[in-house]
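1. This is a predicted model, with the sequence first.
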Amino acid sequence: MVKLKNRMQKNNIENIRHSFAHLTNIAVRKFYPKAQPAIGPAIENGFYQDFGNLNISKEDLPKIEKEIRSIAKQNLTFKKELWPFRKVVDFYKKEKQPYKVQIAKDLVKEKKLTKLGIVRTGDILVDLCRGGHVKNTRELPLDAFKLTHVAGAYWRGDEKNPMLTRVYGLAFAEKKELDEYLAFLEEAKKRDHKRLGQELDLFSFHPEAPGFVFWHPKGMLLRQALMSLHHELHRKAGYQEVSTPILLSEDLWKRSGHWDNYKDNMYFTKIDNRVFAIKPMNCPGTILVYKVRPRSYKELPIRFAEAGEVHRHEPSGTLNGLMRVRAFRQDDTHIFAQPDQVEQEVIDVIRLTLQFYRIIGLKEPHIELSTKPEKYIGSLAMWRKAESTLKKILNDLKIDYKINKGDGAFYGPKIDFHVKDSLGRSWQLGTIQLDFSMSERFDVTYIDKDGRQKRPVIIHRTVIGSIQRFMGVLIEHFAGAFPTWLAPEQVWIVPISDKFLSYAKDVQQRLLKDYPALRVVVKEENETLGKKIREGEVQKIPYLAVVGEKEQAQGTLSPRKRGKGNLGAMKIDAFAKILEKEIKEKN
RNA sequence: GCCGGGGUAGUUCAGUGGCAGAACGCGUUCUUGGUAAGAACGAGGCCAUGGGUUCAAUUCCCAUCCCCGGCUCCA
């Protein structure tokens, strides 16, 4: 037993996960001999195995899981061999495994191999495999794995290819880790913003408008609290706010390039025989504002901010609560800059973005640099220049980043800020996009020192990205227990009986006099104190201020801090000071 | 859009080929309370929508809509 444990520790977790994928391959084909295995890699927390020609549902997983265990208990040895390419292809053709044949062909073509690594366990499995598995199935921790779900996935990740059936599993080195991960998933469900949005009465969705958010009063209070911080920081950083129409004529979108690159995602409407589009982006409107008069180099950089509502017809299957919607508000700004101002502007935006996330207390975002996509406008020279500028800035600031090849906007490369949701899915929030094309298309100019017309660089940037998505991330980050400065309702005043209702209202007025912006509610309901306290805790209200006979006599209140219990009676002024400090310091 | 799963009271969910269920919430009354659920009574339902099978469908079958988990796409 001790010996076995030592051997298990020698196996790295990827080997264990990849081995389970092999066994999934064997087990599935025992029940479904015509299934055609494709790839089966180790992934974060587990593995998956893809199959063509397989139609199963989640209910089939237990029997497959049982089969995997029984195969593993046969103490099979994974044996590595090198087979000539021809032999591999012939074998898989005979076995009717077209995806394996294709993988073999691609390996030979891309890596110029003549012999391919395969793995076999006696005569049970022959799988193409570059290695990375345990030596013997007895080393696999059978109590630390679990098949979790089936899902569709396109062959080679391309939607033009056939859809395969993917079996996902979790696998860890020890049962304890699996249990911990399953407990984490349970916790994550409680943090789910869709669930909290309903429980805390923040927003809703309706079949009458799929993908569009309905904000409730408390959701709006939360949003306003967030946006007032945003507003304050941007005003101080020299941004000017503008507002442009939601409907703009079709030919504007033809000029901007959206018609060619983005038409499928746009909503259109016809008025007086003229076609208008609902804006999917704010840029063209802002550009029209810039162009109302000739601009001097002395005015630049101009930072026109517009928190505009954009509509994008996203495919139905991609919608996801607040994280992916069809209408959202972006904290968009278009910075019109002279070329030699670009670097400093981008640096300032990066700093502002990180500062904003830090004040709120979000985890550090991970940063990606997205490069030229397949559909693009502008010259290759422009793209090279823009990409290298962004790289230089990130390197100079010593910021870690990942290159996201081909994921740029159609008019320029971008730096993106990503944060994970409660289930660990990553979402893009802020973005900084360099654009050398739009100023050509819209003939945007400024008059330089030498009296000549020149093209400004346009920097498209958001800190929040989509306000909807950002709030989804925010709700999950705080699990609905917002810090006092953000909480839709900051204080409930709870009279112990309705005899003290008028004193409770006096206290409310006193607090509002000191602090007019305080979100304070008197709980008038005819319920027991215990009931109202429970309700306040469930609603995650930061402070519940209890008032009764004692408080009325002394002119005090007894606040209770969320999750911390009764703080004891204190003067109203003293309580107001605590609130003021907490709200000001935003913690 | 594609693959898989789901939709029953305001919410979370049971359930059944033959009168539709619970808890919480909501309303009324009683109660006037000291830090996480006081009590009684009551009102809520085209069982998502439209077809089909059947003597009979909320239940079985098909289609549509919406939601969830993935894939692709995206902020």
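-> All right, it came through fine.

2. Restricting to C-alpha, output whichever strand or helix holds A:Ala277 in PDB.
-> Assigned by DSSP states H and E, A:Ala277 belongs to strand A:274-278. Extracted in PDB, the C-alpha atoms of strand A:274-278 (Å, rounded to 0.1, in the frame of the first residue of the first chain):
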ATOM      1  CA  ARG A 274     -35.100  54.700 -45.100                       C
ATOM      2  CA  VAL A 275     -33.200  51.900 -43.300                       C
ATOM      3  CA  PHE A 276     -31.700  52.600 -39.900                       C
ATOM      4  CA  ALA A 277     -29.600  50.300 -37.800                       C
ATOM      5  CA  ILE A 278     -29.700  50.100 -34.000                       C
END
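
3. RNA strand B contacts on the stretch 151-300 of chain A?
-> A:151-154, A:157-159, A:163, A:165-166, A:168, A:192, A:194, A:198, A:205, A:207, A:210-211 (Cβ under 7 Å from any atom of the strand). Glycine gets a C-beta too; all of them are placed from N, C-alpha and C.

4. just the buried members of these?
-> A:153, A:165-166, A:168, A:192, A:194, A:205, A:211 (16 or more other Cβ atoms under 10 Å).

5. Now, these that are in strands?
-> A:153, A:165-166, A:168 (DSSP state E).

6. Would you point out the most distant pair within those?
-> Longest distance between any two of these is 10.7 Å, between A:Thr165 and A:Tyr168; criterion Cβ to Cβ.

7. re the thing from before, what residues sit buried inside the strand holding A:Ala277?
-> For strand A:274-278, by 16+ other Cβ under 10 Å, it's A:276-278.

8. Looking at those, which is nearest RNA strand B?
-> Nearest to RNA strand B among those: A:Ile278, at 13.4 Å, using Cβ to the nearest atom of the strand.

9. In this structure the closest one contacts A:Glu309, no?
-> No - when contacts are counted by Cβ atoms under 8 Å, A:Ile278 is not listed as touching A:Glu309 (9.1 Å).

10. Spit out the residues that contact the two alike.
-> A:Ile246 (Cβ atoms under 8 Å, 6 or more residues apart in numbering).

11. ok, A:Val444 - contacts?
-> A:287, A:290-291, A:336, A:438, A:455-456, A:458.

12. so can I have CSV of those showing pLDDT and neighbour count?
-> Output for these, formatted as CSV (pLDDT from 0 to 100; neighbours: other Cβ atoms under 10 Å):
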residue, pLDDT, neighbour count
A:Ile287, 96, 23
A:Tyr290, 97, 21
A:Lys291, 96, 13
A:Phe336, 97, 25
A:Met438, 88, 24
A:Arg455, 95, 17
A:Pro456, 96, 26
A:Ile458, 95, 26
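
13. So which of the residues you listed is the closest to RNA strand B?
-> Among the contacts of A:Val444, and counting by Cβ to the nearest atom of the strand, the member closest to RNA strand B is A:Met438, at 14.5 Å.

14. Starting from A:Glu199, give me the distance back to the closest one.
-> 43 Å (Cβ to Cβ, to the nearest Å).

15. And A:Ile347, by the same measure?
-> With Cβ to Cβ as the criterion, A:Ile347 and A:Glu199 are 41 Å apart.

16. now the strand holding A:Ala277: how far from the chain's centre is it?
-> Its chain's C-alpha centre and that of strand A:274-278 lie 31 Å apart, by Cα atoms, centre = their mean, to the nearest Å.

17. That strand pairs with which strands?
-> Strand A:274-278 sits in its sheet next to strand A:247-249 (antiparallel), strand A:267-271 (antiparallel), going by DSSP bridges.

18. What is the subsequent helix or strand relative to that strand?
-> helix A:283-290.

19. Tell me how far that following helix lies from the chain's centre.
-> 29 Å.

20. Compute the number of surrounding residues for the closest residue to A:Gly285 other than its chain neighbours.
-> Counting by Cβ to Cβ, 6 or more residues apart in numbering, A:Gly285 lies nearest to A:Thr244, which is 2.9 Å off, once chain neighbours are set aside. Look at A:Thr244: counted by other Cβ atoms under 10 Å, it has 17 neighbours.

21. residues of stretch A:471-485 that come out buried?
-> Buried, per 16+ other Cβ under 10 Å, within stretch A:471-485: A:471-480, A:482-485.

22. Keep those residues, but drop any that are not near RNA strand B.
-> Answer for those near RNA strand B: none qualify (Cβ under 7 Å from any atom of the strand).

23. still on that earlier bit, and the strands paired with strand A:274-278, which one's lowest on average pLDDT?
-> Within the strands paired with strand A:274-278, the stretch with the lowest mean pLDDT is strand A:267-271, showing a mean of 93.

24. Show residues contacting that strand.
-> Against strand A:267-271 from outside (Cβ under 8 Å, 6+ apart): A:247, A:250, A:275-278, A:311, A:313.

25. same question, stretch A:521-533
-> Everything outside stretch A:521-533 that qualifies as a contact, by Cβ under 8 Å, 6+ apart, is A:489, A:491-496, A:498, A:501, A:504-505, A:508, A:535-536, A:544, A:546, A:560.

26. go on, stretch A:132-141?
-> By Cβ under 8 Å, 6+ apart, stretch A:132-141 touches A:4, A:7-8, A:11, A:14-16, A:18-20, A:22-23, A:42, A:71-78, A:119, A:121, A:171-175.

27. picking up where we left off before, inside helices: which ones of the contacts of stretch A:521-533?
-> A:501, A:504-505, A:508, A:535-536 (DSSP state H).

28. Model confidence score at the residue positioned nearest the centre of chain A, please.
-> Against the mean C-alpha coordinate of chain A, by Cα atoms, centre = their mean, the closest residue is A:Trp427 at 1.7 Å. pLDDT, A:Trp427: 91.

29. A:Glu232 now?
-> 95.

30. same deal with the one 5 residues further on?
-> At A:Ala237 the predicted local distance difference test score is 96.

31. same deal with A:Leu4?
-> So A:Leu4 comes in at 44 (pLDDT).

32. which residues does A:Arg372 contact?
-> For residue A:372 the amino acid is Lys, not Arg. A:383, A:387, A:406, A:408, A:413.

33. Can you check what angle separates the strand holding A:Ala277 from helix A:283-290?
-> Counting by axes from the mean of the first three to the mean of the last three Cα atoms, to 10 degrees, strand A:274-278 lies at 100 degrees to helix A:283-290.

34. Can you name the residues in contact with strand A:274-278?
-> Applying Cβ under 8 Å, 6+ apart, the external contacts of strand A:274-278 come out as A:246-250, A:252-253, A:258, A:266-270, A:311.
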